[in-house]
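> need the 3D shape of this:
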Amino acid sequence: MKLFELIYLCCEPGLPVLYRRVRQKLTSVAKSNAGTARILDVGGRKSHYTIGVPARITITDRPRSSVIQHQLHLGINEEVIAEIRRRRSNIEEILIDDMTASFLSSCSFDCAVAVEVLEHVDDDVAFTSEVRRVLKPNGVFLMTTPNGDFVQNTNPDHKRHYRRHELEALLLREFDSVDVRYAIPNTSYYRRALQSWSLKRPVSTVLAFLGSIVNSVEDRRSRCSPDGKGMQQLIAVAHKPV
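Have a look, this model is predicted:
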């Protein structure tokens with residue numbers, strides 16, 4: 001494991017709750033695999049939530065080319081790829097690919113993950129169909145997206161925000177077992193945790209770290225309302241039929 005990965009894991013209690021939840025699920029999936037699991041991270045860019053996961057990780061993303069992509073740090077380029085290679089030890093491949101028409105081989109991954117990706121995709125039906133195709137039988141698809149039952153869409157690159165029942169219906173087109181849940185309370189601690197860390201701003205960095213810890217406790221203790229009010233994310237786990 002490289003120095004960056006060790007530092008990241010040491011800081012994990014203060015990192016975004018969403019990333020920690022995804023990493024815990026991916027670690028569980030990897031450990032349940034008979035051999036070394038192959039995980040496909042679609043649109044993962046730097047793929048921080050796969051750090052320390054005992055698996056071989058393939059990252060795919062679109063090329064960073066448009067003005068919006070540069071402004072929002074979306075997609076990848078040679079600079080991003082070089083940084084990933086320099087910092088990471090469990091990355092097997094980094095590929096330019098479009099998951100609505102992927103060149104990846106069928107039945108080649110034990111798990112696919114897409115964190116905050118599907119809301120950026122025009123053809124979400126083709127995307128989920130391709131994810132199902134590249135998964136092995138009984139493969140797992142883990143994804144997150146903003147909770148459309150609560151979070152308004154103000155992002156210029158988001159095509160839509162899914163309501164819970166809409167996301168469930170989309171995934172059931174391709175997968176026979178789907179679990180979609182509300183997650184992560186949108187509180188003042190959640191918003192504080194979103195502040196970027198910087199050695200030049202030690203006070204705000206410490207407050208962001210503490211905000212993430214408190215928000216994690218809030219997440220564990222949360223009792224979701226039936227309509228998802230106050231919850232920031234949808235987290236879905238889907239299984240491909242055997």
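> longest helix in the chain, by number of residues?
helix 202-221 (DSSP state H).
> and that one, what does it pack against?
Packed against helix 202-221 by the contact rule (3 or more CB pairs under 8 Å, 6 or more residues apart in numbering; DSSP states H and E) you find helix 17-32, strand 177-185, helix 188-193. Backbone N, C-alpha and C define where each C-beta goes, glycine included.
> dump those into TSV; add mean neighbour count and mean pLDDT as well.
What follows is the helices and strands packed on helix 202-221, written out as TSV (neighbours: other CB atoms under 10 Å; pLDDT from 0 to 100):
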stretch	mean neighbour count	mean pLDDT
helix 17-32	18	95
strand 177-185	18	96
helix 188-193	18	94
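> and residue 52, what element?
Assigning secondary structure by DSSP states H and E places residue 52 outside every helix and strand.
> check residue 139 too.
Per DSSP H and E: strand 135-146 holds residue 139.
> tell me which residues are up against that strand.
18, 22, 25-26, 29, 107-119, 128, 131-132, 153, 158, 161-162, 167, 171, 175, 183, 232-242 (CB atoms under 8 Å, 6 or more residues apart in numbering).
> and the longest helix of the chain, what's buried?
Using 16 or more other CB atoms under 10 Å as the burial criterion, the residues of helix 202-221 that qualify are 205, 208, 209, 211, 212, 214, 215, 216, 218, 219.
> please apply the same query to stretch 36-56.
Buried residues in stretch 36-56 (16+ other CB under 10 Å): 37-53, 55-56.
> re earlier: out of the helices and strands packed on helix 202-221, the one nearest residue 91 is which?
helix 17-32 (13.7 Å; CB to CB).
> mind exporting that closest one as CSV, just the C-alpha atoms?
Taking C-alpha atoms only, helix 17-32 is exported to CSV below (Å, rounded to 0.1, in the frame of the first residue of the first chain):
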residue,chain,number,x,y,z
VAL,A,17,-19.9,9.6,4.9
LEU,A,18,-20.9,8.6,1.4
TYR,A,19,-17.4,7.4,0.6
ARG,A,20,-17.0,5.5,3.8
ARG,A,21,-20.4,3.7,3.3
VAL,A,22,-19.4,2.7,-0.3
ARG,A,23,-16.0,1.5,0.8
GLN,A,24,-17.4,-0.6,3.5
LYS,A,25,-19.8,-2.3,1.1
LEU,A,26,-17.1,-2.8,-1.5
THR,A,27,-14.8,-4.4,1.1
SER,A,28,-17.6,-6.7,2.2
VAL,A,29,-18.3,-7.8,-1.4
ALA,A,30,-14.6,-8.3,-2.1
LYS,A,31,-14.0,-10.4,1.0
SER,A,32,-17.0,-12.6,0.2
